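**Q** The following comprises the amino acid sequence and a computationally predicted model.
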Amino acid sequence: MLANPGTRYRAFPAIDLADRQWPSRTLTRPPVWLSTDLRDGNQALFEPMNRERKLRLFRELVRIGFKEIEVGFPSASTTDFEIVRHLIDDGLIPDDVTPMVITQLREDLIETTVRSVQGARRAIVHLYNAIAPAWREIVFGMSLPQIVEMVEQRIGYLKMLTAQQPQTEWVLQYSPETFSMAELDVSLAVCNAAIKAWDAGPQRPMIINLPTTVEVATPNIFADQVEWMHRRLDRREHIVLSVHPHNDRGTGVACAELAMMAGAQRVEGCLFGNGERSGNVDVVTLALNLYTQGVSPGLDFSDITAVARIAEESTALPIHPRHPYVGDLVFTAFSGSHQDAIAKGFAAQKDDALWRVPYLPIDPKDLGRTYDSIVRVNSQSGKGGISYLLQRDHGIVMPRRMQVEFSAIVQALADASEAELSSAQIWEIFERTYLSPLKEQPGFIYRSHRLFDAPEGQGIALELAEADGVMQTYQATGNGPIAATVAALGIPLRVDSYEERSLDAGAGASALAVVEMARPDVAGSRFGVGMHPNMATASILAVLSAAARLAAVDETVA
Ligand SMILES: CC(=O)SCCNC(=O)CCNC(=O)[C@H](O)C(C)(C)COP(=O)(O)OP(=O)(O)OC[C@H]1O[C@@H](n2cnc3c(N)ncnc32)[C@H](O)[C@@H]1OP(=O)(O)O
Ligand SMILES: CC(C)C(=O)C(=O)O
Ligand SMILES: [Mg+2]
């Protein structure tokens with residue numbers, strides 16, 4: 001990289017538009033959407049789509065709700081020409097959907113293009129030519145008057161051809177390609193020439209489509225360029241003003257949104273941002289951004305994963321796991337404070353209330369996505385996420401202090417493994433920590449118990465297994481099963497807290513008892529867990545679990 005990039009690159013100049021209106025506007029309705037997946041998207045693939053893939057994607061675009069679809073570049077290839085003919089001849093285009101076909105401003109190509117859609121109920125013919133200085137000078141070697149003359153002449157030719165086929169409703173779309181890099185007065189002159197040549201009016205529909213063929217400036221510049229044109233175009237009330245953003249600077253979505261605020265009524269783009277170089281604008285993100293502002297986009301992404309799979313199969317390109325709304329990881333939180341907030345948000349969220357779950361801009365369910373992968377655990381995770389998974393998958397509700405204890409154990413293991421821990425692995429750690437001592441730690445292996453009435457309240461006869469499997473029976477009394485069990489163990493244990501609740505999910509037990517206990521010779525406290533259909537038995541097991549864990553601590557306080 002250059003130490004001083006200013007020697008090779010220059011900032012795009014600001015637009016002189018002091019009274020710009022777009023910054024204080026908000027979006028309240030969706031644009032007319034045009035999908036260019038089958039044209040701009042298709043021309044950017046390693047292998048352009050074959051007939052079968054194109055037709056499948058066409059059907060999906062119709063199902064999603066696109067009313068305008070650029071179906072191809074019929075003058076460029078026989079495959080494209082034949083697919084367009086097939087769509088028309090076999091009646092595959094619904095009445096409320098208009099196909100669009102594109103070509104350069106050359107008479108031979110225009111003639112083929114019109115022939116490709118002959119017989120359609122309605123068709124948009126899309127003509128374009130590049131107008132920025134480098135193209136005028138290097139590619140075409142034409143002056144501005146010559147460019148204007150070419151535009152007038154070729155649009156006149158299209159007007160003549162289409163006039164011979166009045167059974168079709170013809171719409172002209174004219175794109176000043178490279179608009180984002182062109183001088184605004186040049187863009188205006190060329191677009192107004194196109195408008196005049198087509199004679200746009202009530203019976204002569206026309207679209208002016210302003211592309212960021214290459215994105216070269218910040219999105220506010222594009223918004224200024226669009227508003228500048230919007231205010232000056234001839235016959236503006238008869239023109240649908242459209243934009244066609246690309247994404248070279250990664251701001252295609254921002255450009256489209258600001259352009260709509262600046263007067264654009266229509267947006268061209270591709271599903272998930274496929275398209276030349278870094279892509280056309282992503283219409284899915286745009287549509288769902290509107291949705292999260294309470295505006296129905298008119299496109300159906302209620303099973304976004306299915307749309308993604310069709311797009312991936314059609315383009316043979318994968319969608320990034322962090323792609324907005326659709327990526328495999330976008331509804332996943334790894335970090336502790338996010339997990340904590342999400343878990344609390346879900347608990348507080350009411351079905352019919354405004355969506356307020358922290359860190360999730362949209363309810364994943366609205367897109368047909370599940371909550372399953374929302375919280376994932378690695379070394380960055382905290383107690384919130386770990387507790388959320390145990391509660392969601394096993395119905396275990398841990399008291400707050402126990403969450404702190406257990407998450408430290410999980411985090412240490414996640415750190416050591418340097419990998420993500422699944423919900424199943426967290427459950428395994430939970431079992432190993434709290435439940436296994438009851439089956440494995442000599443002196444605390446539970447076999448049976450019998451409760452009986454005693455003057456203090458409760459007596460217990462507790463049968464535990466020793467190391468060699470020999471049974472030992474301990475008997476004691478207390479003011480309840482917990483006190484009686486502690487007394488039966490004969491260890492100086494202090495009960496700091498106790499909680500019991502019924503379990504509603506998994507685990508094969510209906511009662512969960514959690515006890516926090518301490519021993520004078522051990523620093524801190526330890527939690528114990530008992531799970532059993534009988535509440536009293538669950539509490540006895542919880543005491544044994546905590547006592548066993550305290551007994552297993554190596555370091556004792558002096
Ligand atoms: C930004 C975009 O996405 S624009 C769409 C780009 N997509 C494509 O180009 C894919 C489909 N196109 C093609 O396959 C080819 O261009 C074809 C088959 C249509 C035409 O191919 P060819 O006849 O070989 O022409 P080619 O594309 O090389 O262009 C050559 C001529 O067209 C001229 N030309 C290019 N664009 C335009 C235009 N929009 N209007 C008028 N003339 C143009 C060039 O200046 C050049 O003229 P010259 O031969 O006098 O120097
Ligand atoms: C043909 C035009 C609209 C285009 O695709 C572009 O400029 O990106
Ligand atoms: Mg393009």
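**A** Perfect, thanks for sending it. Ligands and ions are numbered 1, 2, ... in the order given.
**Q** Please make it C-alpha for all contacts and neighbour counts, starting now.
**A** OK.
**Q** Quick check: closest non-adjacent residue to the residue in the stretch 151-300 of the chain that ligand 1 sits nearest to.
**A** The nearest approach of the stretch 151-300 of the chain to ligand 1 comes at residue 213, 5.6 Å away (CA to the nearest ligand atom). Distance criterion CA to CA, 6 or more residues apart in numbering; nearest residue to residue 213, sequence neighbours excluded, is residue 178 at 4.9 Å.
**Q** on that earlier part again, could you check how far the residue of the stretch 151-300 of the chain closest to ligand 1 is from residue 405?
**A** 56 Å (CA to CA, to the nearest Å).
**Q** again, but for residue 388
**A** From residue 388 to residue 405 the distance is 15 Å (CA to CA).
**Q** More neighbours: which of the two?
**A** residue 388 (24 against 14; other CA atoms under 10 Å).
**Q** just checking, what packs against the helix or strand where the more buried one lies?
**A** In the assignment (DSSP states H and E), residue 388 maps to helix 383-394. Packed against helix 383-394, as judged by 3 or more CA pairs under 8 Å, 6 or more residues apart in numbering; DSSP states H and E, are the following elements: helix 336-348, helix 400-417, helix 423-430.
**Q** Doesn't residue 452 lie inside a strand?
**A** Yes. The assignment for residue 452 is a strand, going by DSSP: H, G, I helix; E, B strand; the rest coil.
**Q** my guess is it contacts residue 459, does it?
**A** Yes. Contact criterion CA atoms under 8 Å: residue 452 and residue 459 qualify, at 4.9 Å.
**Q** Which of these two has more residues huddled nearby?
**A** Neighbour comparison, residue 452 and residue 459: the larger count goes to residue 459, with 24 against 12 (by other CA under 10 Å).
**Q** That one looks like it's in a strand, true?
**A** Yes. Residue 459: assigned to a strand according to three-state DSSP.
**Q** ok, now which ones touch it?
**A** Taking CA atoms under 8 Å, 6 or more residues apart in numbering, we find residue 459 in contact with 451, 452, 453, 475, 476, 477, 478, 480, 481, 484.
**Q** burial measure for the closest residue to ligand 2 within the stretch 201-350 of the chain, as a count.
**A** Closest contact between the stretch 201-350 of the chain and ligand 2, by CA to the nearest ligand atom, is at residue 213 (3.6 Å). Applying other CA under 10 Å, we find 20 residues neighbouring residue 213.
**Q** One more: residue 187?
**A** Counted with other CA under 10 Å, residue 187 comes out at 25.
**Q** That one and residue 180, how far apart?
**A** Distance, residue 187 to residue 180, by CA to CA: 9 Å.
**Q** now do residue 92
**A** 36 Å.
**Q** between these two, who's got more neighbours?
**A** Taking neighbours as other CA under 10 Å, residue 92 and residue 180 compare with residue 180 leading, 24 against 14.
**Q** That one: what secondary structure?
**A** helix.
**Q** Now for it: which residues touch it?
**A** With contact set as CA under 8 Å, 6+ apart, residue 180 has these partners: 210, 211, 212, 213, 214, 215, 216, 222, 225.
**Q** Let's see that with 10 Å instead.
**A** In this structure, residue 180 makes contact with 131-132, 187, 210-217, 221-222, 225-226, 245, judged by CA atoms under 10 Å, 6 or more residues apart in numbering.
**Q** Could you tell me which of these count as buried?
**A** Taking 16 or more other CA atoms under 10 Å as the criterion, what is buried in these is 131-132, 187, 210-217, 221-222, 225-226, 245.
**Q** Look at residue 349 and say how many residues are nearby.
**A** Applying other CA under 10 Å, I find that residue 349 has 13 neighbouring residues.
**Q** which ones are touching it?
**A** Contact partners of residue 349, counting by CA under 10 Å, 6+ apart, are 355, 356, 357.
**Q** The first one belongs to a helix, doesn't it?
**A** No. According to three-state DSSP, the state of residue 355 is coil, so it is not within a helix.
**Q** how deep is it tucked in, by neighbour count?
**A** Counted with other CA under 10 Å, residue 355 comes out at 16.
**Q** tell me the domain ranges of the protein?
**A** With domains defined by the TED database, the chain comprises 27-315, 332-433, 438-552.
**Q** Make JSON lines from those and add mean pLDDT to it.
**A** Shown next, in JSON lines, are the domains of the chain (pLDDT from 0 to 100):
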{"stretch": "domain 27-315", "mean pLDDT": "97"}
{"stretch": "domain 332-433", "mean pLDDT": "89"}
{"stretch": "domain 438-552", "mean pLDDT": "92"}
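**Q** With distance to residue 12 as new columns, can those domains be given to me in CSV?
**A** Output for these, formatted as CSV (distance: least, CA to CA, whole Å):
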stretch, distance to residue 12
domain 27-315, 6
domain 332-433, 33
domain 438-552, 60
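**Q** Phi and psi next, for residue 207.
**A** Main-chain torsions, residue 207, degrees, to the nearest 10: phi -120, psi 130.
**Q** Please name the nearest non-neighbouring residue to residue 85.
**A** Using CA to CA, 6+ apart, the nearest residue to residue 85 is residue 116, at 5.8 Å.
**Q** got a list of what the residue nearest to residue 141 when sequence neighbours are not counted touches?
**A** Nearest non-adjacent residue to residue 141, counting by CA to CA, 6+ apart: residue 135, 7.8 Å away. Counting by CA under 10 Å, 6+ apart, residue 135 touches 129, 141, 142, 177, 178, 182.
**Q** looking at this, residue 135 is in a strand?
**A** No. Counting by three-state DSSP, residue 135 is located in no strand; its state is helix.
**Q** can you pull the contacts of the closest residue to residue 11 other than its chain neighbours?
**A** Spatial nearest neighbour of residue 11, excluding adjacent residues (CA to CA, 6+ apart): residue 217 at 7.7 Å. Applying CA under 10 Å, 6+ apart to residue 217 gives the contacts 11, 12, 13, 14, 180, 181, 248, 249, 251, 255.
**Q** Just grab the bridge partners of the residue in the stretch 51-200 of the chain that ligand 2 sits nearest to for me.
**A** Closest contact between the stretch 51-200 of the chain and ligand 2, by CA to the nearest ligand atom, is at residue 177 (4.2 Å). Judged by DSSP bridges, the bridge partners of residue 177 are residue 130.
**Q** That one - how many residues pack around it?
**A** That count, for residue 177 with other CA under 10 Å as the rule, works out to 23.
**Q** my guess is it contacts residue 126, does it?
**A** No. Look at residue 177 against residue 126 with CA atoms under 10 Å: they stay out of range, at 11.4 Å.
**Q** Need the residues touching each of those two.
**A** Contacts common to residue 177 and residue 126, judged by CA under 10 Å, 6+ apart, are residue 209.
**Q** Number of residues surrounding the residue nearest to residue 201 when sequence neighbours are not counted?
**A** Spatial nearest neighbour of residue 201, excluding adjacent residues (CA to CA, 6+ apart): residue 238 at 5.3 Å. Residue 238: 16 surrounding residues under other CA under 10 Å.
**Q** Residue 238 touches residue 198, doesn't it?
**A** No. In this structure, residue 238 is not within contact of residue 198 by CA under 10 Å, at 11.6 Å.
**Q** Could you tell me which residues touch both of those two?
**A** By CA under 10 Å, 6+ apart, the residues touching both residue 238 and residue 198 are 204, 205, 206.
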